[in-house]
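Asks: Let me see the structure of the following:
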Amino acid sequence: MPSFRLTPEQERDVLNFDPWGDRDATYRTLRSGFAACRKQYECVICIGPIAVGERVWAKTEVDDGKAMTFRFCAECCWCIARRYDEDEDSEEGYNYGFIRMEERWEIGRKRADQRRPEVR
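Replies: Numbering: from 1, shown residues only. Next comes the predicted model:
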């Protein structure tokens, strides 16, 4: 199992990444940083569990008067930080890092779909 520990430079890069892409400007970031979790949470990208003590990216935003904190697991943060990686031995080549990041989003979509009740 690879280590998903980030360097300080990689952490700064993750903090500057917008996980939601282009969106309206009504939201405002109140706080964004890395910290160890004091209780179990769920990653907003892969919908996987975040263990107590795991170092994660926590981003608190307010929109329309409602504040929410989003937490990103170490593996998803690692993928964000390495999104520009290239792998010349892979078929994907130059955009291998983005493909790996998209795989994390796809894992989350599948997990979310499994939780939804079946519509009849």
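Asks: use CA for all of it now, contacts and neighbours both
Replies: Noted.
Asks: buried ones in stretch 22-42?
Replies: Using 16 or more other Cα atoms under 10 Å as the burial criterion, the residues of stretch 22-42 that qualify are Ser32, Phe34, Cys37, Tyr41.
Asks: Let me see the ranges of the helices in this protein.
Replies: Along the chain, the stretches classed as helices by DSSP state H are 8-15, 74-81, 96-115.
Asks: tilt between the longest one and helix 74-81?
Replies: Per axes from the mean of the first three to the mean of the last three Cα atoms, to 10 degrees, the angle that helix 96-115 makes with helix 74-81 is 140 degrees.
Asks: could you point out where the protein is predicted with low confidence?
Replies: 1-2, 24, 87-95, 118-120 (pLDDT under 70).
Asks: Most tightly packed of the helices of the chain?
Replies: Ranked by average neighbour count under the criterion mean count of other Cα atoms under 10 Å, these are headed by helix 74-81 at a mean of 22.
Asks: Out of the helices of the chain, which is closest to Gly48?
Replies: Comparing the helices of the chain by their distance to Gly48 (Cα to Cα), the top pick is helix 96-115, with 7.4 Å.
Asks: Alpha carbons only: can I get that closest one in CSV?
Replies: Extracted C-alpha coordinates of helix 96-115, given in CSV (Å, rounded to 0.1, in the frame of the first residue of the first chain):
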residue,chain,number,x,y,z
TYR,A,96,-2.2,9.8,-16.1
GLY,A,97,-2.6,11.9,-13.0
PHE,A,98,-5.9,13.4,-14.1
ILE,A,99,-7.1,9.9,-15.0
ARG,A,100,-6.2,8.6,-11.5
MET,A,101,-8.1,11.6,-10.0
GLU,A,102,-11.1,10.9,-12.1
GLU,A,103,-11.0,7.3,-10.9
ARG,A,104,-11.4,8.5,-7.3
TRP,A,105,-14.5,10.5,-8.3
GLU,A,106,-15.9,7.4,-10.1
ILE,A,107,-15.5,5.3,-6.9
GLY,A,108,-17.5,8.0,-5.1
ARG,A,109,-20.2,8.0,-7.7
LYS,A,110,-20.5,4.2,-7.5
ARG,A,111,-20.7,4.2,-3.7
ALA,A,112,-23.3,7.0,-3.7
ASP,A,113,-25.4,5.0,-6.3
GLN,A,114,-25.2,1.9,-4.1
ARG,A,115,-26.7,3.9,-1.2
